[in-house]
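Peer 1: I would like to see how this sequence folds:
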Amino acid sequence: MSEKVLLTKELVQEFESFKVLRNSLDEWARDKQDPNAAKSIIHELSFDQMARAYLIGYEIEKPKFQPGDRVIHINYTNHPDWKKDFKIAEVLKQSEYRSRVFFELKDFGDYEENYIRHATPEEIYWLETLGRDKVMDFHENDIYVDGDGDLFELSQNGQCDNYTRFSSAEKWYKSGGDFKGVYPADAFKPFPKEESK
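Peer 2: Okay, here's the model as predicted:
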């Protein structure tokens, strides 16, 4: 049994309008093949899609991004200007303007879907949770926790004090090292010194 065809919200509006005004697959097929006929987005459908929409029905395609999704600008990793003001953002809602779809991002305004993508869990951890500029942005004096709960500090030259078989924390991380978490160096708060009397 054939399934319902998946249509965008815009195509559904065109489809319903077409059904009210013309209601004929024949007319749609003639218009689709006639190079001089006025075309609309409904003519972008294949014959199979149009027939299934008529005979079986359709479902409205869900937006690519839902409220609460964490997204990142597609140029973030290779465009220095984006690093200043856009790391990870939360999608608040979808809106439309002149048949273009926009997603409102918390603190960053509206973006079209072709400018953003879902952030990976790894990106969310490094860029948002740790506040770093990139994935694997290791800082001197960070303390890392491995799967056994052992702590190791990242020294000035990028060496991991407990993992001598890897030349750096980055190599250890990339190799699939058992990484549980990090105590960032910049989160360190020293005890206040007592003033000597």
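Peer 1: can you count the residues close to T8?
Peer 2: 13 (other Cβ atoms under 10 Å). All C-beta atoms are positioned from the backbone trio N, CA, C, and that covers glycine.
Peer 1: typed the wrong thing, it's A53
Peer 2: 23.
Peer 1: wait, it sits on V5?
Peer 2: Yes. Between A53 and V5 a contact is recorded at 4.8 Å, counting by Cβ atoms under 8 Å.
Peer 1: Go ahead and confirm R22 touches A37.
Peer 2: No. Taking Cβ under 8 Å as the definition, R22 is not a contact partner of A37, at 11.8 Å.
Peer 1: which residues touch M50?
Peer 2: Taking Cβ atoms under 8 Å, 6 or more residues apart in numbering as the contact definition, M50 lies against L25, W28, A29, I42.
Peer 1: let's see 10 Å
Peer 2: Counting by Cβ atoms under 10 Å, 6 or more residues apart in numbering, M50 makes contact with V5, F15, F18, L25, W28, A29, K32, I42, H43, E44.
Peer 1: try E59
Peer 2: E3, K4, V5, L6, L7, V12, A53.
Peer 1: With pLDDT added, can I get these in a markdown table?
Peer 2: As requested, these are exported to a markdown table (pLDDT from 0 to 100):
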| residue | pLDDT |
| --- | --- |
| E3 | 87 |
| K4 | 89 |
| V5 | 88 |
| L6 | 86 |
| L7 | 84 |
| V12 | 84 |
| A53 | 87 |
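Peer 1: Got a ChimeraX select line for the buried ones in those?
Peer 2: The ChimeraX selection below is limited to those of the contacts of E59 classed as buried (16 or more other Cβ atoms under 10 Å):
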select :5,7,12,53
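Peer 1: from the contacts of E59, which is closest to G147?
Peer 2: L6 (42.4 Å; Cβ to Cβ).
Peer 1: Show me the contact partners of the longest helix out of those in the chain.
Peer 2: Under DSSP state H, the helix in the chain containing the largest number of residues is helix 9-21. Contact with helix 9-21 is made by 5, 7-8, 24, 27-28, 31, 40-45, 49-50, 53-54, 58-63, 94, 96, 99-101, as judged by Cβ under 10 Å, 6+ apart.
Peer 1: which ones are touching the residue most central in space within the chain?
Peer 2: The chain has H118 as the residue nearest its centroid, 1.2 Å off, counting by Cα atoms, centre = their mean. By Cβ under 10 Å, 6+ apart, the residues touching H118 are K64, F65, D69, R70, V71, I72, V91, I124.
Peer 1: Report the contact partners of the fourth one.
Peer 2: With Cβ under 10 Å, 6+ apart as the criterion, the residues that contact R70 are 88-91, 105, 118-121, 123-124, 127-128.
Peer 1: If we use 6 Å, what do you get?
Peer 2: R70 makes contacts with I88, A119, I124, as judged by Cβ atoms under 6 Å, 6 or more residues apart in numbering.
Peer 1: how close does it get to H118?
Peer 2: Distance, R70 to H118, using Cβ to Cβ, to the nearest Å: 7 Å.
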